[in-house]
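[1] next come a sequence and a model predicted from it.
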Amino acid sequence: MSGRQTNVIEWVNSGPDDILWVYPSEDIRWGSVVVVHEYEVAVFMRDGKVYDVLPPGRHIVTTQNIPLLTKAYNLVMGYGETPFKARVVFVSTKQFRGRFGLSTRVKLGPRTLYMTELQMYGDYWFRVVDPVLFLTQIAGAVPSLTTSAVTEFLRSYFVELFMQEISRYTAIDVYTSLRDIEVKVKSGNVYEAFKSRGLELIDVKVAGVSLPQLEKMEKEDPTYGLPLLIAIQKGDEDKVLEIIRTVESLRALGRSPGVGVLGALVALPSVMQPVAQQAQQPKEGKPVIEKLRELKKMLDEGLITQEEYERMKKELLEEFKRE
């Protein structure tokens, strides 16, 4: 609608994704007609403060319809001035769909000491249930009262809240209890945070989850990368721990297999040094005989196959001859 003065104030041609619209003129005349369509409300604001809210219907701008704004004008200028200054914001109360994507770090499992990158994307649905609270909370948080600015703010707000919630879970939790996590998100802290801004979080659906670093190592190091990824997806933490211990032992022995897997993980700093720092440290010379004992122990515990044992044993003996 153009910015010229008119006796009819109405939100026309609203799109399916439009959350709000601001009437372009702040010169409001007494006796003007405000047309509020279904699933809308019209909110009168002045100097950033919310005053009166008109529900769906056809309204005449009178002192009875906007009593709070009338009182403010009586105190400031006296009743009767026309046009008077006010901002009319139309807010849609229908359901909206938002899309999100995030990347964060999570532990592999409750008993593991490593973290890895987790990516997730999906959709969430919401609607405005308290227009006054919504505008009060949103008006000062966005650069302008436009649908694009509000949509971007809500997306960032949701992602921030969702990341805080996901940080409480492990990669195994996400893969084995994703639907339970969705339920907790849409009825727990994220729901309450939306409610505090005048919004109802209706639903949350995660469309995809991935562990990009591990998926990359799955191709580069299929011996350990693929089994580790499968174990996480199945929720088999014992297998995850077994693979991690094997890879750590192989690295301690100076063998290259499995080192790529650890490159996709980050050690918890409170428990051990980051992997990157460990990789930079010079290797301590460990007697070959001690390495052979460790190798035999790994075979006895079933951490490596007989074939792997024979191959690495041969390499260690050749190393012993060179010393």
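    Received it, and whenever you're ready, just let me know what you need. On a predicted model such as this, the values are computed, not experimentally measured, just so you know. Residues are numbered from 1 along each chain as shown.
[2] least trustworthy helix or strand in this protein by mean pLDDT?
    Least confident helix or strand of the chain, by mean pLDDT, DSSP states H and E, is helix 275-280 with a mean of 40.
[3] and whichever helix or strand comes after that one, which residues are buried?
    Counting by DSSP states H and E, the element after helix 275-280 in chain order, helix or strand, is helix 288-300. Neighbour counts using 16 or more other Cβ atoms under 10 Å place 288, 291-292, 294-295, 298-299 of helix 288-300 among the buried residues. No exception for glycine: its C-beta is placed from N, CA and C like everyone else's.
[4] distance from the chain centre to helix 288-300, please.
    Counting by Cα atoms, centre = their mean, to the nearest Å, helix 288-300 is centred 45 Å from the centre of its parent chain.
[5] that one - contacts with which helices or strands?
    Packing partners of helix 288-300 (3 or more Cβ pairs under 8 Å, 6 or more residues apart in numbering; DSSP states H and E): helix 237-252, helix 306-322.
[6] try it again with 6 Å
    With contacts defined as 3 or more Cβ pairs under 6 Å, 6 or more residues apart in numbering; DSSP states H and E, the packing partners of helix 288-300 are helix 306-322.
[7] buried set for the helix it packs on?
    308-309, 312, 316.
[8] of these, closest to residue 168?
    residue 308 (37.8 Å; Cβ to Cβ).
[9] isn't residue 52 right next to residue 44, touching?
    Yes: using Cβ atoms under 6 Å, residue 52 is in contact with residue 44, at 4.6 Å.
[10] of these two, which one has the most company?
    The residue with more neighbours, out of residue 52 and residue 44, is residue 44; 24 against 20, by other Cβ atoms under 10 Å.
[11] just list whatever residues bridge to that one.
    For residue 44, the beta-bridge partners are residue 88 (DSSP bridges).
[12] which strands and helices lie in contact with the lengthiest helix in the chain?
    The helix that spans the most residues within the chain, counting by DSSP state H, is helix 147-166. Judged by 3+ Cβ pairs under 6 Å, 6+ apart, helix 147-166 is in contact with strand 96-107, helix 189-195.
[13] flag every buried residue along that helix.
    Applying a neighbour-count criterion of 16+ other Cβ under 10 Å, one finds 147, 149-151, 154, 157-159, 161-163, 165-166 buried in helix 147-166.
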